[in-house]
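A.B. asks: what follows is a predicted structure for the sequence shown.
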Amino acid sequence: MKNKIIAVLAITCIITSFNLIGCTEKKNETSQGVVKTTQEKQETAEEYVEKMYKGLIDKKLTYENLWEDYFSKTSKNIDMLNKKTYVSNAEANDFKNNIVRTDIKIVSSEEVKEGIFKVKSILKYTVNGKENSEDLIEYVIKENNELKYLPQGIMSVEKHMNTTINNINYQNVNVVNYVEGIGISTDMVNQSESGIALGWADGPTVILKTDKGEYSYKLNTTKVGIGQTKNISIYFDKAEGTPQEVVINNINYLGNTGLPKDYTGGQTQNIVIK
């Protein structure tokens, strides 16, 4: 239960941003009439994220404020993300789990790409009165010389064509481009006349092929009944390049006994990204 709550926190609890002060010159006149020039300090990514959390902890910011004023344009341009859904889900999650944020400590930050910063922090909060803490990673992007929040480090989401392979229909094929890594998500619909097992003695391996290399991830063994749908979502944290194909190994069609019709290691299905 805790992991589920934290996953939502990582997406929704800090959706905020503050304008970059910028290196502007400000003239102050002294009592002697001498003009003194000073340069304002530019806000750092660490200070920025700390302000984001403090705004929520002190209840000076609402989720609607955060969406309207602080989300990056990059994030608002993602089709799967919208104000109504974000605000509703964030408020419902806080209410359901009685989440109260109490403190934030910034650990470090680094510029991982030009104008994009990764900030590590520790969040203290309570869930139904029980104290918790969690290590978080947030991303901040500079847009038009202002710092803006980049939820989960997502840069874009690409929708791709459905495809059917041996009575398995792969729907809602999406590629999620992160600042670091690539995500793949699809709904696997069993349209065959038998049950399907992803993996058997061992879980299936999913391979992402891009123009820059191949990246693999092992799933837990799971079954998909006749007519049922299984969502497969995988984050390849080291992946780079343009996705070209997703390969799923060890797909087993089951017989009447519930066992694989053969024990040859299952089928391999290739989903071409197009």
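C.D. replies: Arrived safely, thanks for sending.
A.B. asks: residues contacting the closest residue to Asp211 other than its chain neighbours?
C.D. replies: Nearest non-adjacent residue to Asp211, counting by CB to CB, 6 or more residues apart in numbering: Gly241, 4.6 Å away. (C-beta placed from N, C-alpha, C; glycine too.) By CB atoms under 8 Å, 6 or more residues apart in numbering, Gly241 lies in contact with Thr210, Asp211, Lys212, Gly213.
A.B. asks: ok, Gln171 - contacts?
C.D. replies: Here Gln171 is in contact with Asn162, Thr186, Asp187, Val189, Thr229 (criterion: CB under 8 Å, 6+ apart).
A.B. asks: buried residues, whatever helix or strand it lives in. List them.
C.D. replies: Using DSSP states H and E, the element containing Gln171 is strand 168-178. Neighbour counts over strand 168-178 (16 or more other CB atoms under 10 Å) mark Ile168, Asn169, Tyr170, Val173, Asn174, Val175, Val176, Asn177, Tyr178 as buried.
A.B. asks: any idea how far Val234 is from Val119?
C.D. replies: Check again: residue 234 is Ile, not Val. To Val119, Ile234 is 25 Å away according to CB to CB, to the nearest Å.
A.B. asks: more crowded one of the two?
C.D. replies: Of the pair Ile234 and Val119, Val119 is the one with more neighbours under other CB atoms under 10 Å, namely 23 against 19.
A.B. asks: partners of that one in the sheet?
C.D. replies: Ser109, Glu138 (DSSP bridges).
A.B. asks: tell me if I'm right that it and Glu46 touch.
C.D. replies: Yes - at 6.0 Å, Val119 and Glu46 qualify as touching, with contact defined as CB atoms under 8 Å.
A.B. asks: ok, how many other residues are close to Glu146?
C.D. replies: Residues near Glu146, counting by other CB under 10 Å, number 16.
A.B. asks: if we can go back for a sec, who does the strand holding Gln171 pair up with?
C.D. replies: Paired neighbours of strand 168-178 in the sheet (DSSP bridges): strand 154-160 (antiparallel), strand 163-165 (antiparallel), strand 182-190 (antiparallel).
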